[in-house]
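Peer 1: Sequence first, then the predicted structure:
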There are 2 protein chains.
Amino acid sequence: MRSLLLKVLLPLLLVANAAFAADPLPSWNEGPAKQEIISFVEKVTKESSPVFVPPAERIATFDNDGTLWSEQPLPVQLYFALDRVKALAPQHPEWKTKEPFASLLKGDMKTAFAGGDHALLELMMATHAGMTTTAFERIVKDWLATAQHPKFKRPYTDLAYQPMIELLAFLRANGFKTFIVSGGGVEFMRAFAEQVYGIPPEQIVGSTGKQKFELRDGGPALVKLPAVDFIDDKEGKPVSIQKFIGRRPIAAFGNSDGDLEMLQWTCSGTGLRFCLYVHHTDAEREWAYDRQSHIGRLDKGLDEAQAKNWMVVDMKQDWKNVFAFDEVSK
Amino acid sequence: MRSLLLKVLLPLLLVANAAFAADPLPSWNEGPAKQEIISFVEKVTKESSPVFVPPAERIATFDNDGTLWSEQPLPVQLYFALDRVKALAPQHPEWKTKEPFASLLKGDMKTAFAGGDHALLELMMATHAGMTTTAFERIVKDWLATAQHPKFKRPYTDLAYQPMIELLAFLRANGFKTFIVSGGGVEFMRAFAEQVYGIPPEQIVGSTGKQKFELRDGGPALVKLPAVDFIDDKEGKPVSIQKFIGRRPIAAFGNSDGDLEMLQWTCSGTGLRFCLYVHHTDAEREWAYDRQSHIGRLDKGLDEAQAKNWMVVDMKQDWKNVFAFDEVSK
C-alpha cells in the first residue's frame, strides 16, 4: 500500500500541485497590476460572470514601440533605415549633398533631423520603397539577424519585454485574439512579430506605404511605392482598428500619447474593459521617460489614465524581469 | 452474446461507418471539381506530403458577390443603397432635381446610372456616410432582416451558395483561415458575413471609405466620411491582401475578371496552389452569364483559367444545390 502511494498517488499530487501553482505571469511582481490583469481575464472568461465576453469578441490590441519592445534611444525601425542609407549610399552619389542623407552619412543626426517629419519621411521612402514586398521582407530579416542594439549589444529582438510576452500568451490561452496596432511600418513588424510575440502577419496593423501590383517576366509582383498610404498613430489608431479588425477591442495596451485614442476607444465600449499604460520608470534596466520625452512622450495619457482609473504599470516596481536576458543573468 | 452485439457493437459500427462516409461537400456533385478540391486539401494538410503547408500559412481568400452569394440582377449592396435613398428622401428635398437621385426616386434606373461610376459613387456616399460606424451597422442589419430579393422573394442572405458555405467549413476544418477579399464595402459585409459564412469581421477585406475619430459628448465615435479610401477590386485585391493579411494565399476563389489579379497573385506562389472560378451557367436555378455581362463579367479570367489550368466550376453541372432552400424544396 505504501509503495502504491509513492509510485502512483504522490506523482499525481505533485503534478496537481504544480498545475495549481503555475504562475501565468512569472516576470510580474505580485501587486495591483498583476492582480488586476488576472482578475479582468477571469471575469470576462467565466461563463457565469455578469461581464462574460464570448471568445470571438475577446480582442486585445497592443502598441509595439515602447509597449512590447524598447524604443530608446531611437525606435528600432529608424536604426534599420539608417543602416539602409549606409548600405545604399554607393548607389546614390547625390546623397553626399542632399539632406537628410548628407548629415546622416556624416553621423550628424541632429542636423539630419532638423528637417523634422519631412526629413524622416524622406528617409523612410528612400529606404523602404522601390522594391518588391518579398525583397523588403528578406532585407529586414537579414538585418534583424545581424544588427545590434547600441546600448545592449544584442539583437534588437532581444529587447522585447518578457512580461508583455507572458501577458500576450496568457491572453491567448484565455481565448483572446491579440493584435498589434502600431505607428511602425506594418511590413517591418511582420518580419519578426510572429517569432518574437507569437502574433501572425494578419493580426498586425501598422503604418502603410502605397503599393502597386505588376505583371513582370518572373510573375506577378507587389512593388512598394514612395508614397504614404496611412499613418497609424493617435486618432489613426481607432480608425485602423475599425478598418482592419472591425470590432472594438475589450483590452488595449500602450505607452505613449500616441496610444491615447486607442485606449479611449477601447475603454468607452460597454461591459468590462481594460486599458493599460506601460510607464517607463526604470533608468537602470531600461529607460525612464514620460512627459518631456521626444520619443514615446506620455503626458496627456498619464493624466487621462489617472482620471479614468486605467492601469499604469510602473516598470521598476511591477516587472521582476524586463528582458528575457535579465532572467538569465540572475 | 447476441444481446451484447446488438446493444454495444452495432451502434459503434454504425457510428464508425457514418463518420467514414461523411461527405464534407454534400451539395457538390461527384466530378472533377469536387475531387480536385478534396485532393488539394489532402495534399497540403498531410505532414508527410512533399507539398505540406503548415496551418499558419493555410490562407484562403474568397470574393463575395457572385462567388459566395448572388450578384444578379444587381449586387445586394446596391439594393441597400437604393432603399436608403427612398428612406432618406424626405430629409433631402434637393434630391427631387439632383441626379442620380431624381431618376432613382422615379424608378428610372437607366437614366440614374447613365452617369456611370460617378453616379454610383454619389449614391454610395450619400447613403453610406455621415453617420457613426455603430449606426451604420445597425441600419444594415435591420435592412437585411426585412428586405427581400426581387426575384426569389427571400432575404438576401438566403442567396448565399450552399456549396461554397460547405467549402468554407471544409477548409476551416482542415486548418485553413478563410478570408473575404471583395469589392463590396467592408462594413456592409461585416454586418452578415459572420452569421452567414462563419467569417469574423477581422477576416473581411473590402472597399473602404474614409473615417474620422471624434470625441463627442456621449464618448468617442468613428464617423464615416463621404470620401473613398480604397477600392478593393482588380489590381487592388493583391494590394489589399498584402496590406491586411500580409501573406500570399495558397487558395483563391472568384467569379469575375475583378478577381483575376487575386488569382494570379495566389497561384504564382511557390508550392501547391489552388485557384477556382465559379462560372455562372445555371439560368434555371440562378443566372447564366460570363463574357458579355455588365455585372460580374468573366472574360479574360475564363481565358486565363483555361491557359493556366485553374478549376472552373460549372454551377449547373457541379452543384447539386445552389441555395440551402433548393435542398428544402426537393
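Peer 2: Noted; the coordinates are in hand.
Peer 1: from here on, contacts and neighbour counts on C-alpha atoms
Peer 2: OK.
Peer 1: can you give me the strands in the stretch 201-330 of chain A?
Peer 2: Here the stretch 201-330 of chain A has its strands, by DSSP state E, counting those that start in this stretch, at A:204-216, A:219-230, A:251-254, A:274-281, A:288-289, A:311-314.
Peer 1: Show me the one of the ones you listed that comes nearest A:Leu159.
Peer 2: In terms of Cα to Cα, the element of these nearest to A:Leu159 is strand A:274-281, at 13.9 Å.
Peer 1: near chain B, which residues of chain A?
Peer 2: By Cα under 8 Å from any Cα of the partner chain, the residues of chain A that approach chain B are A:56, A:186-187, A:190, A:200-203, A:205, A:208, A:211-213, A:219-222, A:235-236, A:238-239, A:243-247, A:264-265, A:268.
Peer 1: List only buried entries from those.
Peer 2: A:186-187, A:190, A:200-203, A:205, A:208, A:211, A:213, A:220-222, A:235-236, A:238-239, A:243-247, A:264-265, A:268 (16 or more other Cα atoms under 10 Å in any protein chain shown).
Peer 1: Pick out the residue closest to the middle of chain A.
Peer 2: Chain A has A:Asn64 as the residue nearest its centroid, 1.8 Å off, counting by Cα atoms, centre = their mean.
Peer 1: quick one: that residue and A:Val181 touch, right?
Peer 2: Yes: with contact defined as Cα atoms under 8 Å, A:Asn64 reaches A:Val181; the gap is 7.2 Å.
Peer 1: about what we covered before: ok, and the closest non-adjacent residue to the residue nearest to the centre of chain A?
Peer 2: A:Ser182 (5.5 Å; Cα to Cα, 6 or more residues apart in numbering or on different chains).
Peer 1: A:Gly198 versus that neighbour, what's the distance?
Peer 2: 16 Å (Cα to Cα, to the nearest Å).
Peer 1: between these two, which one's more packed in?
Peer 2: More crowded of A:Ser182 and A:Gly198, by other Cα atoms under 10 Å in any protein chain shown: A:Ser182, with 28 against 14.
Peer 1: The more buried one should be in a helix, yeah?
Peer 2: No: counting by DSSP: H, G, I helix; E, B strand; the rest coil, A:Ser182 falls outside a helix, being strand.
Peer 1: before we move on, back to that, for the residue nearest to the centre of chain A, list the residues it contacts.
Peer 2: Residues in contact with A:Asn64 (Cα atoms under 8 Å, 6 or more residues apart in numbering or on different chains) are A:Ile180, A:Val181, A:Ser182, A:Gly183, A:Gly184, A:Gly254.
Peer 1: pLDDT at it, what is it?
Peer 2: Note for A:Asn64: predicted pLDDT of 98.
Peer 1: Okay, now the unreliable bits of chain A?
Peer 2: Within chain A, the stretches with pLDDT under 70 are A:1-21, A:328-330.
Peer 1: hang on, isn't A:Phe275 packed against A:Lys308?
Peer 2: In this structure residue A:275 is Cys, not Phe. No: using Cα under 8 Å, A:Cys275 makes no contact with A:Lys308, being 9.5 Å away.
Peer 1: Compare these two (neighbour count), which wins?
Peer 2: For A:Cys275 versus A:Lys308, neighbours defined as other Cα under 10 Å are more numerous around A:Cys275 (26 against 12).
Peer 1: mind checking how far the more buried one is from chain B?
Peer 2: 15 Å (Cα to the nearest Cα, to the nearest Å).
Peer 1: same deal with A:Leu123?
Peer 2: 21 Å.
Peer 1: do A:Val278 as well
Peer 2: From A:Val278 over to chain B the distance is 22 Å, taken as Cα to the nearest Cα.
Peer 1: So what's the residue count around that residue?
Peer 2: The number of residues packed near A:Val278 is 20, by other Cα under 10 Å.
Peer 1: before we move on, what about the one 5 residues further on?
Peer 2: Using other Cα under 10 Å, A:Ala283 has 11 other residues around it.
Peer 1: before we move on, the earlier item: can you pick out the most distant pair from the contacts of A:Asn64?
Peer 2: Across the contacts of A:Asn64 (Cα to Cα), the longest gap, 13.3 Å, separates A:Gly184 and A:Gly254.
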